[in-house]
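[1] need a structure here:
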Amino acid sequence: MDKQLAPSWHQGELIMQQRAGTDKRMADIGPKFIRQYLPQQHRDFFDSLSMIFIGYAEQPLHTNASVLFGAPGFVRSITDTELVINTQYSMGDFINQNLNVGDRIGLLGIVFETKRRNRINGIITDINQKSICVNVLQSYGNCPKYIQPKAFIPNRNYGEFSRSTRYQLSPTDKQLISNADTFFISSRFDDGQQLNNRGADISHRGGPAGFVSINEQGQLLVNDYVGNGFFNTLGNLLENPITSLLFCDWQQGHALHITVSSQIIWQEIEQTNSAELANTTDTQSKDAVTQTERTLCFTPLKVEQLINGLAYRQANLL
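    Numbering: from 1, shown residues only. As a prediction, this is how the structure comes out:
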């Protein structure tokens with residue numbers, strides 16, 4: 001990979017990495033880990049999926065987090081740099097008219113049963129009524145950490161869509177969020193430069209049920225667990241705080257989409273065993289200083305409930 005033509009990190013990611021102390025490690029890891037193509041095991045992985053999460057621009061500054069469904073093969077890796085995705089089966093929110101050739105989208109493949117996930121940032125090169133063709137700009141895997149295992153069966157009511165919009169969380173919304181062990185976040189950074197690290201992104205957040213709390217102001221609070229140190233999502237939030245959350249009600253087959261304004265709250269804490277620091281080769285960082293922890297605070301701006309939007313339900317609860 002040419003580091004000059006394809007820098008791994010944008011300015012928001014670099015700021016986050018510097019503050020968390022992962023920047024030196026990421027300067028070395030980024031060009032090695034983030035590819036502009038799909039290795040064969042990733043091609044096989046995407047070909048095997050029955051759902052894929054997608055983040056895309058809905059308005060100039062807004063993104064949308066959604067998910068597409070299909071039988072294995074509805075995502076096809078036709079070359080090591082191109083995917084064709086059948087977009088006919090969504091949550092009822094997604095239509096190809098929302099997209100255009102040249103749009104930069106984020107894709108997340110995740111298999112809950114095996115706790116595997118891989119990500120792509122790409123650009124749409126062709127579109128028709130049934131499918132989109134995506135050229136890979138960035139491709140990389142994520143570790144299985146924080147994926148809560150699930151098995152699925154078809155949702156018999158899928159397709160009987162209805163949709164409601166509100167501007168505050170209802171008691172039912174709060175209950176779903178407070179019991180969730182997983183959500184998805186779509187974020188975006190775009191300064192107009194045609195670099196591979198620009199555009200929409202989508203990522204997974206997971207933890208034990210209850211890892212998302214809601215305060216008296218109705219804001220969602222999520223501790224930022226130690227991760228790979230990339231800070232793709234937080235780097236985007238630093239540059240563009242308007243983002244999109246997707247909570248899936250796998251028990252009922254419904255989904256909750258929330259447009260939020262986000263804030264990163266930093267706490268300086270005495271350093272003990274920070275995993276981010278433990279992974280660094282910077283011995284001065286390991287031995288000295290402080291551990292920095294973060295909490296993400298999301299203020300809802302718009303709430304949309306999508307009834308029967310999920311093609312699958314959790315198997316072990318039926």
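[2] quickly find the element holding the residue most central in space within the chain.
    Residue closest to the mean C-alpha point of the chain, counted by CA atoms, centre = their mean, is Ser203 at 1.5 Å. Using DSSP states H and E, Ser203 sits in strand 199-206.
[3] hey, where'd the helices end up in the chain?
    Taking DSSP state H, the helices of the chain run over residues 11-20, 23-33, 40-47, 171-179, 232-239, 275-278, 283-287.
[4] just the CA coordinates of the first one, formatted as CSV?
    When you say that, I think you mean helix 11-20. Provided in CSV are the C-alpha atoms of helix 11-20 (Å, rounded to 0.1, in the frame of the first residue of the first chain):
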residue,chain,number,x,y,z
GLN,A,11,-7.2,13.8,11.2
GLY,A,12,-10.0,12.9,13.7
GLU,A,13,-8.6,9.4,14.1
LEU,A,14,-5.1,10.7,14.5
ILE,A,15,-6.2,13.1,17.3
MET,A,16,-7.9,10.3,19.1
GLN,A,17,-4.9,8.0,18.8
GLN,A,18,-2.6,10.7,20.1
ARG,A,19,-4.7,11.4,23.1
ALA,A,20,-5.1,7.7,23.9
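[5] next, the angle from it to helix 232-239.
    Compare the direction of helix 11-20 with that of helix 232-239 by axes from the mean of the first three to the mean of the last three CA atoms, to 10 degrees and you get 110 degrees.
[6] could you list the buried residues of helix 11-20?
    12-17, 19-20 (16 or more other CB atoms under 10 Å). (Glycine included, C-beta is placed from N, CA and C.)
[7] which other helices and strands does it contact?
    helix 23-33, helix 232-239 (3 or more CB pairs under 8 Å, 6 or more residues apart in numbering; DSSP states H and E).
[8] if we go to 10 Å?
    When contacts are defined as 3 or more CB pairs under 10 Å, 6 or more residues apart in numbering; DSSP states H and E, helix 11-20 sits against helix 23-33, strand 182-189, helix 232-239, strand 254-270, helix 275-278, strand 290-307.
[9] show me where the chain dips below the pLDDT cut-off.
    Within the chain, the ranges that satisfy pLDDT under 70 run 1-6, 269-292, 316-318.
[10] wait, Gly199 sits on Ile105?
    Yes: with contact defined as CB atoms under 10 Å, Gly199 reaches Ile105; the gap is 6.9 Å.
[11] for these two, list the residues in contact with both.
    55-57, 63, 121-123, 137, 188 (CB atoms under 10 Å, 6 or more residues apart in numbering).
[12] so which two of the residues you listed are the farthest from each other?
    Maximum pairwise distance among the shared contacts of Gly199 and Ile105 (CB to CB): 16.3 Å, between Thr63 and Leu137.
[13] any idea how many residues pack against Ala65?
    Close neighbours of Ala65, defined as other CB atoms under 10 Å, add up to 30.
[14] list the contacts of it.
    Neighbours of Ala65 in contact, by CB under 10 Å, 6+ apart: 53-56, 58, 93, 106, 108, 183-187, 200-203, 243-247, 255, 257-259.
[15] buried subset of those?
    Buried, going by 16+ other CB under 10 Å: 53-56, 58, 93, 106, 108, 183-187, 200-203, 243-247, 255, 257-259, out of the contacts of Ala65.
[16] can I get the strand holding Ser203 in PDB? Just the C-alpha atoms.
    What follows is strand 199-206, C-alpha atoms only, in PDB (Å, rounded to 0.1, in the frame of the first residue of the first chain):
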ATOM      1  CA  GLY A 199     -16.900   8.700   3.800                       C
ATOM      2  CA  ALA A 200     -19.400   6.800   5.900                       C
ATOM      3  CA  ASP A 201     -18.500   4.000   8.300                       C
ATOM      4  CA  ILE A 202     -20.500   1.500  10.400                       C
ATOM      5  CA  SER A 203     -19.300  -0.400  13.500                       C
ATOM      6  CA  HIS A 204     -20.600  -2.700  16.100                       C
ATOM      7  CA  ARG A 205     -20.700  -2.000  19.800                       C
ATOM      8  CA  GLY A 206     -21.400  -4.800  22.300                       C
END
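[17] what is that strand packed up against?
    strand 51-57, strand 63-69, strand 104-111, strand 116-127, strand 131-142, strand 182-189, helix 232-239, strand 242-249.
[18] got the angle between the third one and strand 182-189?
    Between the direction of strand 104-111 and that of strand 182-189, the angle (the same axes, to 10 degrees) works out to 160 degrees.
[19] rewinding a little: if I look at the residue nearest to the centre of the chain, how far off is Pro154?
    26 Å (CB to CB, to the nearest Å).
[20] do the same with Thr295
    For Thr295, the distance to Pro154 - CB to CB - is 37 Å.
[21] ok so, going back, for Gln267, which of the helices and strands packed on strand 199-206 is the nearest?
    Among the helices and strands packed on strand 199-206, helix 232-239 sits nearest to Gln267 (CB to CB), with 14.5 Å.
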